[in-house]
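# no sequence for this one, just the structure:
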Ligand code: ADP
(Lines give C-alpha, C1' and ligand atoms only; values in the text may rest on other atoms or scores of the structure.)
Protein backbone atom coordinates (compact mmCIF):
# COMPACT_ATOMS: atom_id res chain seq x y z
CA UNK A 1 0.00 0.00 0.00
CA UNK A 2 1.47 3.42 -0.93
CA UNK A 3 2.55 5.67 1.93
CA UNK A 4 0.11 8.29 3.18
CA UNK A 5 -0.39 10.57 6.19
CA UNK A 6 -2.97 13.11 7.38
CA UNK A 7 -2.63 16.16 9.63
CA UNK A 8 -5.44 18.24 11.15
CA UNK A 9 -4.94 21.98 11.46
CA UNK A 10 -6.77 23.68 14.34
CA UNK A 11 -9.69 21.27 13.84
CA UNK A 12 -11.09 22.96 10.72
CA UNK A 13 -8.77 21.96 7.88
CA UNK A 14 -6.32 19.23 6.99
CA UNK A 15 -3.47 18.39 4.73
CA UNK A 16 -2.43 14.98 3.50
CA UNK A 17 0.71 13.45 2.09
CA UNK A 18 0.26 10.67 -0.42
CA UNK A 19 2.64 8.76 -2.61
CA UNK A 20 1.07 8.54 -6.04
CA UNK A 21 0.23 10.04 -9.41
CA UNK A 22 -1.42 13.46 -9.31
CA UNK A 23 -3.45 12.88 -12.48
CA UNK A 24 -5.60 10.39 -10.55
CA UNK A 25 -6.62 12.92 -7.89
CA UNK A 26 -10.30 13.61 -7.22
CA UNK A 27 -9.76 16.95 -5.50
CA UNK A 28 -11.50 20.02 -7.00
CA UNK A 29 -8.18 21.26 -8.39
CA UNK A 30 -4.76 19.84 -9.13
CA UNK A 31 -1.63 21.94 -9.52
CA UNK A 32 0.64 21.63 -12.53
CA UNK A 33 4.36 22.36 -12.16
CA UNK A 34 4.41 24.02 -15.59
CA UNK A 35 7.03 26.02 -17.44
CA UNK A 36 6.60 29.63 -18.53
CA UNK A 37 5.52 28.70 -22.07
CA UNK A 38 2.45 26.85 -20.70
CA UNK A 39 2.80 24.57 -23.71
CA UNK A 40 3.51 21.37 -21.83
CA UNK A 41 6.77 19.64 -21.00
CA UNK A 42 8.11 16.59 -19.20
CA UNK A 43 7.53 15.29 -15.67
CA UNK A 44 4.27 16.16 -14.00
CA UNK A 45 3.40 18.67 -16.75
CA UNK A 46 3.56 15.99 -19.45
CA UNK A 47 1.58 13.52 -17.35
CA UNK A 48 -1.20 16.08 -16.71
CA UNK A 49 -1.46 17.06 -20.39
CA UNK A 50 -1.58 13.41 -21.49
CA UNK A 51 -4.30 12.59 -18.96
CA UNK A 52 -6.36 15.76 -19.52
CA UNK A 53 -6.40 15.54 -23.34
CA UNK A 54 -5.87 18.17 -26.06
CA UNK A 55 -8.40 20.70 -24.69
CA UNK A 56 -5.98 21.53 -21.89
CA UNK A 57 -3.26 22.54 -24.35
CA UNK A 58 -5.74 24.62 -26.37
CA UNK A 59 -6.77 26.46 -23.21
CA UNK A 60 -3.14 26.97 -22.10
CA UNK A 61 -2.25 28.30 -25.55
CA UNK A 62 -5.17 30.74 -25.39
CA UNK A 63 -3.95 32.10 -22.03
CA UNK A 64 -0.37 32.30 -23.28
CA UNK A 65 -1.42 34.22 -26.42
CA UNK A 66 -3.47 36.60 -24.28
CA UNK A 67 -1.02 37.20 -21.43
CA UNK A 68 2.39 36.08 -22.68
CA UNK A 69 4.65 33.68 -20.78
CA UNK A 70 3.75 32.99 -17.14
CA UNK A 71 6.46 34.39 -14.84
CA UNK A 72 7.88 32.10 -12.12
CA UNK A 73 5.86 32.33 -8.88
CA UNK A 74 2.58 33.17 -10.65
CA UNK A 75 -0.44 30.90 -11.24
CA UNK A 76 -3.29 30.65 -13.75
CA UNK A 77 -6.13 28.15 -13.97
CA UNK A 78 -7.89 26.21 -16.70
CA UNK A 79 -10.69 23.64 -16.68
CA UNK A 80 -9.48 20.11 -16.01
CA UNK A 81 -10.47 18.62 -19.39
CA UNK A 82 -10.58 14.84 -19.11
CA UNK A 83 -9.22 14.80 -15.55
CA UNK A 84 -11.36 14.04 -12.52
CA UNK A 85 -10.32 17.39 -11.05
CA UNK A 86 -12.50 20.31 -12.20
CA UNK A 87 -9.54 22.68 -12.55
CA UNK A 88 -5.83 22.66 -13.21
CA UNK A 89 -3.91 25.48 -11.56
CA UNK A 90 -0.69 26.02 -13.52
CA UNK A 91 2.26 27.53 -11.73
CA UNK A 92 5.91 27.99 -12.68
CA UNK A 93 8.42 27.12 -9.98
CA UNK A 94 11.92 28.56 -9.70
CA UNK A 95 14.84 26.85 -11.41
CA UNK A 96 17.39 26.12 -8.66
CA UNK A 97 20.51 28.23 -9.20
CA UNK A 98 22.19 27.78 -5.83
CA UNK A 99 19.59 29.50 -3.65
CA UNK A 100 20.64 33.15 -3.96
CA UNK A 101 18.34 34.10 -6.84
CA UNK A 102 15.14 34.42 -4.80
CA UNK A 103 14.32 30.74 -5.29
CA UNK A 104 12.72 30.34 -1.80
CA UNK A 105 10.56 33.46 -2.25
CA UNK A 106 9.47 32.37 -5.74
CA UNK A 107 8.60 28.87 -4.52
CA UNK A 108 6.58 30.29 -1.63
CA UNK A 109 4.81 32.58 -4.07
CA UNK A 110 3.82 29.56 -6.21
CA UNK A 111 2.05 27.89 -3.28
CA UNK A 112 0.44 31.19 -2.19
CA UNK A 113 -0.88 32.00 -5.66
CA UNK A 114 -2.21 28.45 -6.16
CA UNK A 115 -4.09 28.61 -2.86
CA UNK A 116 -5.45 32.05 -3.77
CA UNK A 117 -6.54 30.85 -7.19
CA UNK A 118 -8.25 27.80 -5.66
CA UNK A 119 -10.07 30.13 -3.26
CA UNK A 120 -11.18 32.35 -6.14
CA UNK A 121 -12.55 29.24 -7.89
CA UNK A 122 -14.34 28.27 -4.64
CA UNK A 123 -12.53 24.94 -4.45
CA UNK A 124 -12.66 23.06 -1.18
CA UNK A 125 -9.76 20.74 -2.02
CA UNK A 126 -6.52 20.95 -4.00
CA UNK A 127 -3.61 18.60 -4.77
CA UNK A 128 -0.02 19.73 -5.24
CA UNK A 129 2.98 17.97 -6.74
CA UNK A 130 6.43 18.74 -5.37
CA UNK A 131 6.98 21.93 -7.39
CA UNK A 132 10.53 22.54 -8.72
CA UNK A 133 12.15 19.42 -7.25
CA UNK A 134 12.29 17.49 -10.55
CA UNK A 135 13.79 18.99 -13.70
CA UNK A 136 14.12 22.40 -11.96
CA UNK A 137 16.54 20.89 -9.44
CA UNK A 138 15.36 22.46 -6.16
CA UNK A 139 16.73 20.42 -3.19
CA UNK A 140 13.76 18.45 -1.94
CA UNK A 141 14.20 18.93 1.85
CA UNK A 142 14.30 22.71 1.49
CA UNK A 143 11.41 22.74 -0.98
CA UNK A 144 9.28 20.48 1.24
CA UNK A 145 9.71 22.81 4.24
CA UNK A 146 8.53 25.82 2.19
CA UNK A 147 5.65 23.88 0.59
CA UNK A 148 4.22 22.53 3.84
CA UNK A 149 4.68 25.76 5.81
CA UNK A 150 3.10 27.98 3.14
CA UNK A 151 0.09 25.74 2.55
CA UNK A 152 -0.53 25.31 6.29
CA UNK A 153 -0.48 29.10 6.75
CA UNK A 154 -3.22 29.40 4.12
CA UNK A 155 -5.28 26.53 5.54
CA UNK A 156 -5.06 28.06 8.99
CA UNK A 157 -6.67 31.31 7.79
CA UNK A 158 -10.35 31.33 6.69
CA UNK A 159 -10.31 29.79 3.22
CA UNK A 160 -12.66 27.83 0.96
CA UNK A 161 -9.95 25.16 0.71
CA UNK A 162 -10.15 22.86 3.73
CA UNK A 163 -8.11 19.99 2.31
CA UNK A 164 -4.70 20.24 0.61
CA UNK A 165 -2.94 17.11 -0.57
CA UNK A 166 0.72 16.76 -1.52
CA UNK A 167 0.92 13.97 -4.08
CA UNK A 168 4.49 12.76 -4.19
CA UNK A 169 5.80 10.50 -6.86
CA UNK A 170 8.60 8.64 -5.09
CA UNK A 171 9.45 7.50 -1.55
CA UNK A 172 12.38 9.91 -1.13
CA UNK A 173 10.14 12.91 -1.86
CA UNK A 174 7.43 11.49 0.39
CA UNK A 175 9.92 11.15 3.28
CA UNK A 176 11.13 14.73 2.84
CA UNK A 177 7.54 16.03 3.10
CA UNK A 178 6.79 13.75 6.08
CA UNK A 179 9.85 15.17 7.84
CA UNK A 180 8.79 18.75 7.03
CA UNK A 181 5.33 18.00 8.44
CA UNK A 182 6.83 16.59 11.67
CA UNK A 183 8.83 19.80 12.17
CA UNK A 184 5.83 22.12 11.68
CA UNK A 185 4.94 22.31 15.37
CA UNK A 186 8.13 24.17 16.23
CA UNK A 187 7.68 26.59 13.30
CA UNK A 188 4.10 27.47 14.29
CA UNK A 189 3.45 27.28 18.01
CA UNK A 190 0.09 29.10 17.44
CA UNK A 191 -1.18 26.52 14.92
CA UNK A 192 -2.19 23.13 16.23
CA UNK A 193 -1.05 20.44 13.80
CA UNK A 194 -2.12 16.93 14.79
CA UNK A 195 -1.18 13.75 12.95
CA UNK A 196 -4.28 11.63 12.34
CA UNK A 197 -4.75 8.00 11.36
CA UNK A 198 -6.16 7.35 7.88
CA UNK A 199 -8.82 4.64 8.09
P1 LIG B 1 9.76 20.87 -12.01
O2 LIG B 1 10.12 21.22 -13.44
O3 LIG B 1 8.91 21.94 -11.34
O4 LIG B 1 10.94 20.45 -11.21
P5 LIG B 1 8.93 18.09 -12.52
O6 LIG B 1 7.66 17.66 -13.17
O7 LIG B 1 10.20 17.84 -13.26
O8 LIG B 1 8.72 19.64 -12.16
O9 LIG B 1 9.04 17.40 -11.10
C10 LIG B 1 8.35 17.82 -9.94
C11 LIG B 1 8.05 16.61 -9.08
O12 LIG B 1 6.90 15.94 -9.62
C13 LIG B 1 9.17 15.55 -9.01
O14 LIG B 1 9.23 15.06 -7.67
C15 LIG B 1 8.65 14.47 -9.96
O16 LIG B 1 9.15 13.18 -9.60
C17 LIG B 1 7.17 14.55 -9.68
N18 LIG B 1 6.25 13.94 -10.67
C19 LIG B 1 6.47 13.59 -11.95
N20 LIG B 1 5.35 13.07 -12.49
C21 LIG B 1 4.41 13.08 -11.52
C22 LIG B 1 3.05 12.66 -11.43
N23 LIG B 1 2.43 12.11 -12.47
N24 LIG B 1 2.37 12.83 -10.25
C25 LIG B 1 3.00 13.39 -9.18
N26 LIG B 1 4.27 13.82 -9.21
C27 LIG B 1 4.97 13.65 -10.35
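Yep, that arrived. Here the structure is a predicted model, which means the values were calculated and not measured.
# Is residue 96 in contact with residue 132, as I believe?
Yes: under the criterion of CB atoms under 8 Å, residue 96 makes contact with residue 132 at 6.8 Å. Bear in mind the C-beta positions are built from the backbone N, C-alpha and C, glycine included.
# which of these two has more neighbours?
Per other CB atoms under 10 Å, whichever of residue 96 and residue 132 has more neighbours is residue 132, with 27 against 17.
# Quick check: which element contains the more buried one?
Per DSSP states H and E: residue 132 is located in neither a helix nor a strand.
# in this protein, which ranges drop under the pLDDT threshold?
1-2 (pLDDT under 70).
# Just list the residues touching the nearest residue to residue 61 once chain neighbours are set aside, thanks.
With CB to CB, 6 or more residues apart in numbering as the criterion, residue 61 has its nearest non-adjacent residue at 6.7 Å, and that residue is residue 39. Residues in contact with residue 39 (CB atoms under 8 Å, 6 or more residues apart in numbering) are 57, 60-61, 64.
# Contact residues of this structure facing the ligand?
Applying CB under 6 Å from any ligand atom, one finds that the chain approaches the ligand through 21-23, 33, 43-45, 47, 93, 129-136, 167, 169-170, 173.
# Just these: which are in helices?
Of the residues of the chain next to the ligand, the ones assigned to helices by DSSP state H are 43-45, 47, 173.
# Among those, list the two that are farthest apart in space.
Longest distance between any two of those is 16.3 Å, between 45 and 173; criterion CB to CB.
# Quick check: what element follows the helix or strand harbouring residue 49 along the chain?
Applying DSSP H and E as the criterion places residue 49 in helix 43-52. Downstream of helix 43-52, the next assigned helix or strand under DSSP H and E is helix 54-67.
# ok and the helix or strand just after that next one relative to helix 43-52, angle-wise?
Using DSSP H and E, the helix or strand that follows helix 54-67 in sequence is strand 75-79. Using axes from the mean of the first three to the mean of the last three CA atoms, to 10 degrees, the inter-axis angle of strand 75-79 relative to helix 43-52 is 20 degrees.
# returning to what we had before: which of the contacts of residue 39 count as buried?
Applying 16 or more other CB atoms under 10 Å to the contacts of residue 39, the neighbour count classes 57, 60, 64 as buried.
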